[in-house]
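[1] Here is my input, please return the structure:
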Amino acid sequence: MGKGTLESVDRAAVEGELERLVRENRVTVAVVFPLVGAVTLVASALDLLPAVLAYNPYLLLFGTLVMRSPLVAALVPLTRRRTGIWLGVLVAYSYAIEWVGLTTGWPYGEFEYVVDLGPMVAGVPVGLPVFFVPLVLNAYLLALLVTRGGRATLPLALAFVLAIDLVLDPAAVAIGFWAYPEGAYYGVPASNYLGWVLSGTVGVVAADRAFDRTALRERLAAVEFALDDLVSFVLLWATVNALFGQWVPVVVAAVLGVGLVWTGRIEVGRVRLIERWRTVKRNE
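    Residues are numbered from 1 along each chain as shown. Below is the predicted model of the structure:
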C-alpha cells in the first residue's frame, strides 16, 4: 500500500471518527453548550460569577470550538487545495478588517473590546476567525439549502449574514463583549451593519469559491448535523437577548430558527435522536 493510499485511509478514519463523535453528542453540543453558555455569559455580565470564571477567555474559546465542531465535521471531507486558499483569504481578511476597524473606525464605526475573547494581539482576538468565518459559512449553507443552489444563493446568504449580526451584536453589547460610543439599535450603530454588508459580501463570495456547490449539496443531504452550529448560535444568542429583554433580536433569531426547521435541519435531527433512543432501549 502506497504512502498516498495510507494518507487517504488515515484521513478517512479521522473524518469518520469526528463525524461519529459529533453525531453521538448532538444534544450536548447543539443544545446544552449554548444554553449553559448563555447563562454563564449573563451571569458574568451581572457579576454573579467568581472572577476566575467570569468572562474567562479560554472557556469562551473552548465553548465556541465545541459548538463549531459539527460544521467542521461536515465540511472537512470536502476540503481541497482551493478550499484552503479561499478560507485562508477569508481568515486574512477577517484579521485585517478588524484591525482597521479598531484603529480607524471604518467600516463598522468606532468600537472597542471590553473583555478579552481569548488571547489578543494588537487588540484583535487571535481566535477571531473561529468567531467570524463559521457565521458566514452557516449563512451560506442555509441559503444553499433554501435556494437549492439557485441564483439567489449569494444574495440570500448575505441577508442571513446580516440577520445573524442583528442577533449577535445587541447581545454582545448587552453582556459587555464590546461597545460602541452610541447606537440606536440596542446600542449598535447603523454603520456596523453597513460594514457587515462589506464583510458579508466578501465572506459569502469566498465561501462560494471555496466549495463545489454540487458536492456541498450532496454532503448536506447526507449529514443531518451540518447546521447544528447555527442551531447552537440561535439558542445561545436568542437566550441572551431574551434575558435582557431585547425582543427584536429574539424575533430575528426565531426567523433563522424557522429557516432551520423548514430546511429539515432541526426536525431531521430530532427524529434521528428519537430513533437512536428507541434503539438503545430495545438493546437494553
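[2] burial measure for the nearest residue to residue 219 once chain neighbours are set aside, as a count.
    The spatially closest residue to residue 219, leaving aside those adjacent along the chain, is residue 78, at 5.8 Å (Cβ to Cβ, 6 or more residues apart in numbering). Placement of C-beta: from N, CA and C, glycine included. Using other Cβ atoms under 10 Å, residue 78 has 14 neighbouring residues.
[3] Please name the residues that touch residue 78.
    Residues in contact with residue 78 (Cβ atoms under 8 Å, 6 or more residues apart in numbering) are 211, 212, 215, 216, 219.
[4] Tell me where the stretch 51-200 of the chain has helices.
    57-75, 81-104, 128-147, 153-174, 190-210 (DSSP state H, counting those that start in this stretch).
[5] average pLDDT for the shortest one?
    In other words, helix 57-75. Averaging pLDDT along helix 57-75 yields 95.
[6] Alpha carbons of that helix, in CSV - could you do that?
    C-alpha atoms of helix 57-75 as CSV (Å, rounded to 0.1, in the frame of the first residue of the first chain):
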residue,chain,number,x,y,z
PRO,A,57,-11.3,33.9,27.7
TYR,A,58,-10.2,30.2,27.5
LEU,A,59,-13.6,28.9,28.5
LEU,A,60,-15.1,31.2,25.9
LEU,A,61,-12.8,29.9,23.2
PHE,A,62,-13.3,26.3,24.2
GLY,A,63,-17.1,26.5,24.2
THR,A,64,-17.0,28.2,20.8
LEU,A,65,-14.8,25.5,19.4
VAL,A,66,-17.1,22.8,20.7
MET,A,67,-20.1,24.4,19.1
ARG,A,68,-18.2,24.7,15.8
SER,A,69,-17.4,21.0,15.7
PRO,A,70,-20.5,19.9,13.7
LEU,A,71,-19.6,22.5,11.0
VAL,A,72,-16.0,21.3,10.9
ALA,A,73,-17.0,17.6,10.8
ALA,A,74,-19.5,18.3,7.9
LEU,A,75,-17.1,20.3,5.8
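[7] packing partners for it?
    Under the contact criterion of 3 or more Cβ pairs under 8 Å, 6 or more residues apart in numbering; DSSP states H and E, helix 57-75 touches helix 3-24, helix 33-45, helix 128-147, helix 213-222, helix 228-243.
[8] Now which of the contacts of residue 78 would you call buried?
    For the contacts of residue 78, a burial check counting by 16 or more other Cβ atoms under 10 Å picks out 211, 216, 219.
[9] For those, please prepare CSV with the additional fields distance to residue 253 and pLDDT.
    What follows is the buried ones among the contacts of residue 78, written out as CSV (distance: Cβ to Cβ, whole Å; pLDDT from 0 to 100):
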residue, distance to residue 253, pLDDT
211, 26, 96
216, 25, 95
219, 26, 95
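[10] just these now: which is nearest residue 111?
    Among the buried ones among the contacts of residue 78, residue 211 lies closest to residue 111 (Cβ to Cβ), at 31.3 Å.
[11] hang on, isn't that closest one packed against residue 85?
    No - in this structure residue 211 lies outside contact range of residue 85 using Cβ atoms under 8 Å: 11.9 Å.
[12] so how far is residue 145 from residue 219?
    Counting by Cβ to Cβ, to the nearest Å, the gap from residue 219 to residue 145 is 11 Å.
[13] Grab the nearest non-local neighbour of residue 147.
    Spatial nearest neighbour of residue 147, excluding adjacent residues (Cβ to Cβ, 6+ apart): residue 153 at 4.7 Å.
[14] what's that neighbour in contact with, if anything?
    Residue 153 sits next to 140, 143, 144, 147, 208, 213 when contact means Cβ under 8 Å, 6+ apart.
[15] Please indicate which of these are buried?
    Buried subset of the contacts of residue 153 (neighbour count, 16+ other Cβ under 10 Å): 140, 143, 144, 208.
[16] ok, the residues you listed vs residue 161, which is closest?
    Nearest to residue 161 among those: residue 140, at 8.3 Å, using Cβ to Cβ.
[17] follow-up on the earlier one: farthest-apart pair in the contacts of residue 153, please.
    Pairwise over those, using Cβ to Cβ, the maximum falls at 147 and 208, 11.9 Å.
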